[in-house]
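Engineer: I need the structure of the sequence given here:
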Amino acid sequence: MVKNVCDWLAQTALSQLFARSEWFVPTVQTFHILSVAVVVTTLAMLDFKLLNLPQSGSSLPLLARSFLPWTWKALAVLLVTGVLLTITEPSRELLNNAFRLKMLLVLALAGVTFTFQRVTSRDPQYWRSSPRGRRFASAIALVSLMLCVTIVAAGRMIGYL
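Structural biologist: So this is what the prediction gives:
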């Protein structure tokens, strides 16, 4: 069934227009990669702060208010550019297990990030106010960092599988 969808999508005028254009894929990939960098960088900064590394500098709630809007905007750009790239080469993406894994991991990362943002907005001191909060901070930071690294690796594997 997915193969049929890929074949249909590849035959659409839009897919063929994108695929024939010499500048389209490199341009969209550039925006996609820059957005990956924004997401990974902003989340890494927050994750390291959750791990209390560094111990000085801006507070976690302040960093969250500063960085999370950039993270969500970059995720929106990733969604748009990812859809455009998928329209251009549907079989390369939709039939690829690395792509499928990447999409599942992106959803998990969005869920972890949303959880972090929700807890922080409700109680900005939650992550430092109790041993349970500190353990949760470490766990959420480590999961987020692992997801970021794995998503980037899965993205790179799409071209090789």
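Engineer: just checking, what packs against the helix or strand hosting Pro26?
Structural biologist: Using DSSP states H and E, the secondary-structure element containing Pro26 is helix 24-50. Secondary-structure packing of helix 24-50 (3 or more Cβ pairs under 8 Å, 6 or more residues apart in numbering; DSSP states H and E): helix 13-20, helix 60-88, helix 97-122, helix 131-157. For every residue, glycine as well, the C-beta is placed using N, CA and C.
Engineer: Reformat those as TSV; add distance to Cys6, mean neighbour count and mean pLDDT.
Structural biologist: Shown next, in TSV, are those (distance: least, Cβ to Cβ, whole Å; neighbours: other Cβ atoms under 10 Å; pLDDT from 0 to 100):
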stretch	distance to Cys6	mean neighbour count	mean pLDDT
helix 13-20	10	13	93
helix 60-88	9	17	97
helix 97-122	12	16	97
helix 131-157	19	16	96
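Engineer: Same list (those helices) but as TSV, adding distance to Asp47.
Structural biologist: Conversion of those to TSV gives the following (distance: least, Cβ to Cβ, whole Å):
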stretch	distance to Asp47
helix 13-20	35
helix 60-88	11
helix 97-122	9
helix 131-157	4
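Engineer: In contact with the spatially most central residue of the chain: list those residues for me.
Structural biologist: In the chain, the centroid-proximal residue (Cα atoms, centre = their mean) is Val106; its distance is 5.0 Å. If a contact means Cβ atoms under 8 Å, 6 or more residues apart in numbering, then Val106 has Leu75, Leu78, Ile151 as its contacts.
Engineer: now the last one, nearest residue through space, not along the chain?
Structural biologist: Think Ile151. Nearest residue to Ile151, sequence neighbours excluded (Cβ to Cβ, 6 or more residues apart in numbering): Leu105, at 4.8 Å.
Engineer: What of the first one?
Structural biologist: Computed as Cβ to Cβ, 6+ apart, the closest residue to Leu75 that is not its neighbour in sequence is Val39, at 6.1 Å.
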